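S.K.: Model the structure of this input:
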Amino acid sequence: GEGAGSEAQARRSTPLLSGLRAGCRRDAEHLTSCGDKMARCAVWHVLLLGGLLMAAEASNDFFTSIGQMTDLLSTEKDLVTSLKDYIRAEESKLEQVKQWAEKLDKLTAVATQDPEGFLGHPVNAFKLMKRLNTEWGELESLVLKDMSDGFISNLTVQRQYFPTDEDQTGAAKALLRLQDTYQLDTHTLSTGDLPGPATGVVYRSTMTADDCFELGKIAYSDADYYHTELWMAQALRQLDQGEEATVDKVTVLDYLSYSIYQQGELERALELTKRLLRLDPEHQRANGNLKYFEYSLLKQRKAEQEEQGSEQGERAKKAAPVNKGRPKDYLPERQKYEQLCRGEGIKLTPRRQSRLFCRYYNGNRHPRFILGPVRQEDEWDRPRIVRYHDIISHHEIETVKELAKPRLRRATISNPITGVLETAHYRISKSAWLAAYEHPVVDRINQRIQDLTGLDVTTAEELQVANYGVGGQYEPHFDFGRKDEPDAFKELGTGNRIATWLFYMSDVAAGGATVFPEVGAAVWPKKGTAVFWYNLFASGEGDYSTRHAACPVLVGNKWVSNKWIHERGQEFRRRCGLDESE
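M.R.: Numbers count the residues shown, from 1 in each chain. Below you'll find the model as predicted:
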């Protein structure tokens, strides 16, 4: 469901082992005994090295999994403790130096009033020699003593597990994605006043002008001038309100004026450039831009005057700048997808809704559920999507999460051209695969899916567990292999993905819905529930209305697990119909 689309190397359940002239800029990781000891030592070294390599590998792409990002908080807490130890050591050293200075200050004040008289006392003369020959040297050693060794050593060790530039950029782009998907303005994001249940936004945090500037710079580096303008303008507003920051207004105005120019708004770019020059009259690039903007604006107005009165001229005056707005999008159903993520545009008429029911379901009189049927709810009619309530316990969820956490790796997609598994910017999550033989809980979950669906899960893929990252999402995709992907699951030899079972293993405070843009359906996460749908018709033809997506997580931590059930083994469990659309 919210997994890897049609990955060519999907897992089985069997136990197989990315300028303006005049200076406009773009800025643009015993012998037998001795032998035994050496062997044991070698083994320990290999284990230690292996552990470090695994830890280093697991630290990649932190921004793609909230679950793994929690480890960073422990790392930061440890560093803060180490930093406090260093501060205490420095304060202790400084206190010793301060006491020495105060003692010598009093002594020299007295001594310099009558130097000869003071030194006439032999003890004073001796102590002067001693101080200058020995004690000042000891003080020098104290002052030069580096108290930071422990802290620097700890920092050096921990730094190898720090997030990278890619993580920071990924987290920044996630904020831009959330801003667009949920139509949030920069003020809402910078104040941390996010929508959602009050209980969900507990740890509210604000963004500084420096934070806003950094976000704008990352958009600028991608030539995304729309978001550059929004965040540079927010940074400028906060600076205008008196906020102290490392970045200054001149630098912000420089980026802001250029991003506005790139979107075709010459007059605004000119006004901002004039404001910049009032703050820094010698700014070389701004002076060059000023002349160019004035020349271009004069030329534009002259052309408008020549065409004034003509129909073409009127259209030109009314036309909006051609480059204004969000960057061009590769996803045709972007607008529909984002509307559904916001809970808008759901296409379910009252008449159709009246045909959706809740019921107690016994899996077609399955012995396990006759006395204890499960609660089944119709979420959608075409395609039929059903939700099972309280179908996985808290204990089972925690067990699955603990099994998956050490194995979480950046989720991949299958390249439709090469068939190679690769990461993608439109899939922000980490996943792990769990086989039935690894733990009784996994085996029990698989059996439950089989009992309720009536489908054979022995040919299904392993249970995939996914944890979403900052603004985690998976854009619209199909779970089944299409006709232009004839080799999608060839290696498995189990046919196409006939159905998807998706467990929700956490509640999500805001965002994170599973949406079906083709039909206008949206299913919201609820811990302990699962949703199920068929990807193929009974004839084996793909149901294109099952194209779905995992919406970005706005607030909270989203855990899901899914089971992809394949065609093989279902021949007598879900028989073919006489019509392709059946």
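S.K.: tell me which element residue 466 falls in.
M.R.: Using DSSP states H and E, the element containing residue 466 is strand 463-468.
S.K.: Direction included, what does that strand pair against?
M.R.: Applying DSSP bridges, strand 463-468 is found paired with strand 429-434 (antiparallel), strand 559-566 (antiparallel).
S.K.: Mind giving me the packing neighbours of the very next helix or strand once past the first one?
M.R.: Just to be clear, that refers to strand 429-434. Where DSSP H and E defines the elements, the next helix or strand beyond strand 429-434 is helix 440-453. Here helix 440-453 touches helix 394-404, strand 463-468, strand 497-504, strand 559-566, going by 3 or more C-beta pairs under 8 Å, 6 or more residues apart in numbering; DSSP states H and E. Heads up, the C-betas are built off the backbone N, CA and C, glycines and all.
S.K.: Now for the residue nearest the centre of the chain: which residues touch it?
M.R.: The geometric centre of the chain, computed from its C-alpha atoms, lies nearest to residue 470 (C-alpha atoms, centre = their mean), at 2.6 Å. Going by C-beta atoms under 8 Å, 6 or more residues apart in numbering, residue 470 touches 63, 66, 69, 170, 171, 174, 175, 428.
S.K.: Recalculate using a threshold of 7 Å.
M.R.: 63, 171, 174 (C-beta atoms under 7 Å, 6 or more residues apart in numbering).
S.K.: Can you lay out these as JSON lines showing secondary structure and distance to residue 220?
M.R.: Listed next are the contacts of residue 470 as JSON lines, based on DSSP: H, G, I helix; E, B strand; the rest coil; distance: C-beta to C-beta, whole Å:
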{"residue": "63", "secondary structure": "helix", "distance to residue 220": "20"}
{"residue": "171", "secondary structure": "helix", "distance to residue 220": "17"}
{"residue": "174", "secondary structure": "helix", "distance to residue 220": "17"}
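S.K.: Export those as CSV, with columns for neighbour count, pLDDT and distance to residue 498.
M.R.: Shown next, in CSV, are the contacts of residue 470 (neighbours: other C-beta atoms under 10 Å; pLDDT from 0 to 100; distance: C-beta to C-beta, whole Å):
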residue, neighbour count, pLDDT, distance to residue 498
63, 24, 71, 34
171, 20, 88, 37
174, 20, 89, 34
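S.K.: Same list, those residues, but as TSV with distance to residue 295 please.
M.R.: Shown next, in TSV, are the contacts of residue 470 (distance: C-beta to C-beta, whole Å):
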residue	distance to residue 295
63	44
171	41
174	40
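S.K.: Pull the distance from stretch 523-530 to the chain's centre.
M.R.: Centroid displacement of stretch 523-530 relative to its chain, using C-alpha atoms, centre = their mean, to the nearest Å, is 21 Å.
S.K.: Please point out which parts of it sit buried.
M.R.: 523, 524, 525, 528, 529, 530 (16 or more other C-beta atoms under 10 Å).
S.K.: bridging residues for the last one?
M.R.: So that's residue 530. Residues in beta-bridge contact with residue 530 (DSSP bridges): residue 388, residue 503.
S.K.: list the contacts for it?
M.R.: By C-beta under 7 Å, 6+ apart, the contact set of residue 530 is 387, 388, 391, 392, 501, 502, 503, 504.
S.K.: Helices of the stretch 301-450 of the chain, start to end?
M.R.: Under the criterion DSSP state H, counting those that start in this stretch, the stretch 301-450 of the chain contains helices at 311-318, 334-341, 350-353, 394-404, 440-453.
S.K.: need the least confident one among the ones you listed, by mean pLDDT.
M.R.: Within the helices of the stretch 301-450 of the chain, confidence is poorest for helix 311-318, with a mean of 52 (mean pLDDT).
S.K.: And for residue 370, nearest residue in space, chain neighbours not counted?
M.R.: residue 362 (5.3 Å; C-beta to C-beta, 6 or more residues apart in numbering).
S.K.: That should have said residue 66, apologies.
M.R.: Excluding the flanking residues, the one nearest residue 66 by C-beta to C-beta, 6+ apart is residue 557, at 4.4 Å.
S.K.: Surely residue 139 touches residue 99?
M.R.: No - counting by C-beta atoms under 7 Å, residue 139 does not reach residue 99; the two are 10.8 Å apart.
S.K.: Compare those two (neighbour count), which wins?
M.R.: Neighbours per residue, other C-beta atoms under 10 Å: of residue 139 and residue 99, the larger number sits with residue 139, 16 against 10.
S.K.: quick one, phi psi at that one?
M.R.: phi -60, psi -40 (degrees, to the nearest 10).
S.K.: How about it: what's its closest non-neighbour residue?
M.R.: Residue nearest to residue 139 in three dimensions, not counting chain neighbours: residue 100, with 5.9 Å by C-beta to C-beta, 6+ apart.
S.K.: That neighbour - that's part of a strand, no?
M.R.: No - assignment of residue 100 by DSSP: H, G, I helix; E, B strand; the rest coil gives helix, placing it outside any strand.
S.K.: what's the burial count for it?
M.R.: 16.
S.K.: With the one 4 residues further on instead?
M.R.: Burial of residue 104 is recorded as 15 neighbouring residues (other C-beta under 10 Å).
S.K.: Please name the nearest non-neighbouring residue to it.
M.R.: Ranked by C-beta to C-beta, 6+ apart and with sequence neighbours excluded, the top spatial neighbour of residue 104 is residue 131, at 7.9 Å.
S.K.: Could you do residue 286 as well?
M.R.: Leaving aside its sequence neighbours, residue 286 sits nearest to residue 276 (C-beta to C-beta, 6+ apart; 4.8 Å).
S.K.: Give me the distance between that neighbour and residue 141.
M.R.: From residue 276 across to residue 141, the span is 51 Å (C-beta to C-beta, to the nearest Å).
S.K.: More neighbours: which of these two?
M.R.: Counted by other C-beta under 10 Å, residue 276 and residue 141 do not tie: residue 276 has more neighbours, with 24 against 9.
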